[in-house]
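J.: Any chance you could fold what I've pasted below:
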Amino acid sequence: MSHLTDRIPLLPESAAAVQAVLNDPKVKKVLEQAVSKEIFTIEEQIEICEVPAPPMREQKRAELIAQKIRSYGLEAEIDPVGNVIARFKGVEPDGPVCAVTAHMDNSFPEGTNTSVRRQSGKLFAPGISDASRGLACMLQVIRMLVNSGVQTKGRRHPLYRNGRAGSGRRSARRQAYFLQLRHSYRRSIGH
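T.: From the prediction side, this is the model:
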C-alpha cells in the first residue's frame, strides 16, 4: 500500500480501489505534476484569500473562481443562489458521477482585511488556510485533469458552494436550494 492509503483508514475493498488508481501511470504522473506546481497553487490560494467573501456576499469570489475554471477549459456557471458549478466530462455519458465540493465563504464580517502577509515562509491572513486553500486545491485538480489528458469513466462536478458560514432565513433558503439541486441531480442520473 502507498503512504496515502496507510494514513487514511479505509475498508479493504476501498483501499484496493484507491491503490489501483494510485498505481495507474497517468495518475502517478498527475500527482508528480501537482507537487511540482504547488507554488502556483499557493499563489492562487493567496489571490483567492484576498477577495473578500463574507457570509452571503461571495459573488466576487464566485466570479473569480468561475473565470479561472473557464480559463482552464471547462464549463462553469454560477447558479441562482451563487454556487459555482463546473463540469469535467467523462468518456461514458452514463458513467458514474463524482461531485467534489468546497465552500467559498469565510466567517469574517464585511470589511475584514484579508491581505496576505508572508513571514518566515508562512502565510498569515484571515481564511488563508480555510476556504482559500480548499478552493485553490480544487482548481489544481481541474488543471491537472485538463492538462494531463487523464480521462475519467464518468463525469466530475467540482462544486464551489456558498453560504456555509451564513445563518438565518437567507442561508436556509440557499441550503434548501442546494438540497433541491442535489435531489434533482441525483434523479437525473438514476439514483
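J.: mind listing what's buried in whichever helix or strand residue 141 is part of?
T.: Here residue 141, judged by DSSP states H and E, is contained in helix 131-148. Using 16 or more other Cβ atoms under 10 Å as the test for burial, helix 131-148 gives 131-145. Bear in mind the C-beta positions are built from the backbone N, C-alpha and C, glycine included.
J.: Nearest residue to the middle of this protein?
T.: residue 138 (3.3 Å; Cα atoms, centre = their mean).
J.: so that residue touches residue 103, yeah?
T.: No. Counting by Cβ atoms under 8 Å, residue 138 stays clear of residue 103, with 10.7 Å between them.
J.: what ranges do the helices span in this structure?
T.: Applying DSSP state H to the chain gives helices spanning 3-7, 12-23, 25-36, 38-49, 59-71, 131-148, 168-188.
J.: Compare the ones you listed and report which one is nearest to residue 81.
T.: With respect to residue 81, and counting by Cβ to Cβ, the nearest of the helices of the chain is helix 168-188 at 4.7 Å.
J.: quick one, phi psi at residue 114?
T.: Per-residue torsions, residue 114: phi -110, psi 20 (degrees, to the nearest 10).
J.: I'd like to know how many residues surround it.
T.: When neighbours are counted by other Cβ atoms under 10 Å, residue 114 registers 19.
J.: per-residue confidence at it?
T.: pLDDT recorded at residue 114 is 91.
J.: Most remote residue from the middle of the chain, which is it?
T.: Distance from the centre of the chain peaks at residue 120, with 28.0 Å (Cα atoms, centre = their mean).
J.: Give the residue spans of this structure that score low on pLDDT.
T.: 1-8, 10, 155-191 (pLDDT under 70).
J.: one more time with 50
T.: For the chain, applying pLDDT under 50 flags the ranges 1, 165-174, 177, 182-191.
J.: Please name the bridge partners of the nearest residue to residue 79 once chain neighbours are set aside.
T.: Leaving aside its sequence neighbours, residue 79 sits nearest to residue 85 (Cβ to Cβ, 6 or more residues apart in numbering; 6.0 Å). In this structure, residue 85 bridges to residue 77, residue 159 when assessed by DSSP bridges.
J.: Looks like residue 85 contacts residue 76 (just checking).
T.: Yes. Using Cβ under 8 Å, residue 85 is in contact with residue 76, at 6.9 Å.
J.: picking up where we left off before, and of the helices of the chain, who's closest to residue 110?
T.: Comparison of the helices of the chain against residue 110 by Cβ to Cβ identifies helix 59-71 as nearest, at 11.4 Å.
J.: what does that closest one contact?
T.: Residues from elsewhere that reach helix 59-71 (Cβ atoms under 8 Å, 6 or more residues apart in numbering): 44, 47-48, 51-53, 76-78, 82-84, 86, 104-105, 135, 139, 142, 158, 160, 162.
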